[in-house]
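1. Fold the following and give me the result.
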Amino acid sequence: MSSVSRRGFLSGLSLSAGGLALAGCRSTEAEEPQHPEGGAETVAFDAPHQAGIATPEQAHLNLVAFNLREGADQRDLRRLLTLWTQDARELCSGRTPRGSLEPELTSRPDRLTITCGLGPGAFERTGLGDRRPAWLTPIPEFSQDRLEERWGQTDLVLQICSDDPLTTAHAMRNMVRSGSDYAEVAWLQQGFVSPGKPEETKRNLFGQKDGTINPRGEEELGDQVWIDEGPQWAHGGTAMVVRRIQMHMDEWEKLDRTSREEVVGRTLESGAPLSGGEEHTAADFQARDEYGLPTIDPNSHMARAVPPRDHPEQRILRRPYNWDIAPEPGAEDRSNSGQVFICFQKDPTVQFTPIQRRLDEADRLNQWITHIGSAVYFLPPGTGAGRGDFWGAELLG
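-> As a prediction, this is how the structure comes out:
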């Protein structure tokens, strides 16, 4: 079916609610995927929360950002989100979306999730400015940042993840094509992590475990991630912050192992704090070595990231991916590597921004990293069970 005939078909359907939002293929209510034959594992699409947020990281990421086409209005946004949701639901279930001619590429979803987010422009450009969450504004630029416009804020974002790079690529191509009448691609950030057990903390390219202090269990996710205040249409959604971070591998690799651990504040092997214990042991910042010096440098990355005692709300759910691509022409570095840092929280102004401000001020790791991209998005709640058939249905209703 052509895109035109498909839109004509869809326009005849009754749209019970309007809206934009983000979706995923797995909820926190269903953390264990089904396990049929290899590659056929699926993550539930319709659930209270979008999948791809609390879902254990898949091996591959395509984070693709869009801007609405000139003149787009609420009606166009509703059509776009309806098309995207329908296609994502089919793809994440291992089925072929209407109009697709590649059923061979959809039969192995491999834990595919597609998660949708709305930037400030999706509200302001479509007459929804009065509904835009107060926190949905650009993250402040910090003193250590060297932000590049090409990795900046957009109107919409789709986070597409699976354990098969072919599945991830095909899903992205389908979603881009499906929405091409209403939105155009602004940037694409691709990433990877090592496959492993869901409970294992993944490693970044510096070799350190990244995400040790993530919320664990429904109670902590409810406290830190899922929006439960404000308008009803936002409940069950969350805020996504995206930071593109350049990692200066050539310089980092000049450090010996002990120095690397001192910069981070944790052992590389287990991720345990330098004060002792195991990965999830609470750090003892009062511990001293034989010379009376702090065992954990107060300006180590871990020490600066830990929330102060009087601000326990400054916690986030980290879901980062690594990237390693060809060096830029004329670049001095032999490598072009980094991290697509993605995190989720109720309110970035209360959670992410204070954390990043502390890191910007004194984190020793700043010598080996540079933030070059930044964006923030509202991720609507999940679909189904009274929440609407498409992302953001309650918002646009």
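
2. Who are the contact partners of residue 311?
-> Listed by Cβ atoms under 8 Å, 6 or more residues apart in numbering, the contact set of residue 311 reads residue 354. The way it works is simple: take the backbone N, C-alpha and C, and place the C-beta from them, glycine included.

3. again, but for residue 208
-> 260, 264, 266, 268, 271.

4. where do the helices sit along the stretch 201-350 of the chain?
-> Along the stretch 201-350 of the chain, counting by DSSP state H, counting those that start in this stretch, helices occupy 218-224, 249-252, 257-264, 301-305.

5. Tell me which of those helices sits nearest to residue 328.
-> Minimum separation from residue 328 across the helices of the stretch 201-350 of the chain (Cβ to Cβ) falls at helix 249-252, 13.6 Å.

6. returning to what we had before: which stretch among the helices of the stretch 201-350 of the chain comes nearest residue 55?
-> Per Cβ to Cβ, nearest to residue 55 of the helices of the stretch 201-350 of the chain: helix 218-224, 11.6 Å.

7. rewinding a little: quick one: which of the contacts of residue 208 is nearest to residue 43?
-> residue 271 (26.4 Å).

8. just checking, that closest one touches residue 209?
-> Yes: between residue 271 and residue 209 there is a contact at 3.7 Å, judged by Cβ atoms under 8 Å.

9. tell me, what's touching these two both at once?
-> 201, 279.

10. Neighbours of residue 276, how many?
-> 12 (other Cβ atoms under 10 Å).

11. Same question for residue 325.
-> Neighbour tally, residue 325, other Cβ under 10 Å: 10.

12. Give the closest residue to residue 236 in space, chain neighbours not counted.
-> Spatial nearest neighbour of residue 236, excluding adjacent residues (Cβ to Cβ, 6 or more residues apart in numbering): residue 381 at 3.2 Å.

13. ok, that neighbour - contacts?
-> 21, 48, 49, 50, 233, 234, 235, 236, 237, 387, 394 are the contacts of residue 381 under Cβ under 8 Å, 6+ apart.

14. between those, which is nearest residue 249?
-> residue 50 (33.2 Å).

15. Relative to residue 237, how far out is that closest one?
-> Separation of residue 50 from residue 237 (Cβ to Cβ, to the nearest Å): 8 Å.

16. and residue 170, that's in a strand?
-> No: the assignment for residue 170 by DSSP: H, G, I helix; E, B strand; the rest coil gives helix, which leaves it out of any strand.

17. I'd guessed it sits against residue 102; true?
-> Yes: contact criterion Cβ under 8 Å: residue 170 and residue 102 qualify, at 6.6 Å.

18. the more surrounded of the two?
-> residue 170 (21 against 12).

19. for the nearest residue to residue 352 once chain neighbours are set aside, which residues make a bridge with it?
-> Once flanking residues are discounted, residue 352 sits nearest to residue 241: 4.9 Å by Cβ to Cβ, 6+ apart. Under DSSP bridges, the beta-bridge partners of residue 241 are residue 343, residue 376.

20. Run through the residues that contact residue 241.
-> 139, 316, 341, 342, 343, 344, 345, 348, 352, 374, 375, 376.

21. For residue 245, give the beta-bridge partners.
-> Here residue 245, judged by DSSP bridges, has bridge partners residue 339, residue 371.

22. how many neighbours does it have?
-> Residue 245, neighbours per other Cβ under 10 Å, totals 17.

23. can you tell me how far it sits from residue 359?
-> Relative to residue 359, and taking Cβ to Cβ, residue 245 is found at 11 Å.

24. Next: residue 50.
-> 27 Å.

25. cool, residue 167 as well?
-> 35 Å.

26. Can I get stretch 352-362 in CSV? Just the C-alpha atoms.
-> Taking Å, rounded to 0.1, in the frame of the first residue of the first chain, the C-alpha atoms of stretch 352-362 are listed here in CSV:
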residue,chain,number,x,y,z
PHE,A,352,19.7,16.1,36.0
THR,A,353,20.7,19.8,36.0
PRO,A,354,21.9,20.0,39.6
ILE,A,355,24.0,16.8,39.2
GLN,A,356,25.5,18.1,35.9
ARG,A,357,26.3,21.5,37.5
ARG,A,358,28.3,19.7,40.3
LEU,A,359,30.2,17.7,37.7
ASP,A,360,30.9,20.7,35.6
GLU,A,361,32.4,22.6,38.5
ALA,A,362,34.9,20.1,39.7
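
27. So which residues make contact with it?
-> Outside stretch 352-362, the residues touching it (Cβ under 8 Å, 6+ apart) are 139-140, 142-145, 241, 299, 301, 304-305, 307, 311, 314, 316, 343, 345, 365-366.

28. Buried among those residues? Need that as a selection in PyMOL.
-> Selection of buried members from those for PyMOL, criterion 16 or more other Cβ atoms under 10 Å:
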select buried, resi 139+142+145+241+299+301+304+305+307+314+316+343+345+365+366
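
29. The contacts of stretch 352-362 in strands, which ones?
-> Among those, the members found in strands (DSSP state E) are 241, 343, 345.

30. Pick out whichever of the residues you listed sits closest to residue 94.
-> Nearest member of the ones in strands among the contacts of stretch 352-362 to residue 94, counting by Cβ to Cβ, is residue 343, at 29.1 Å.
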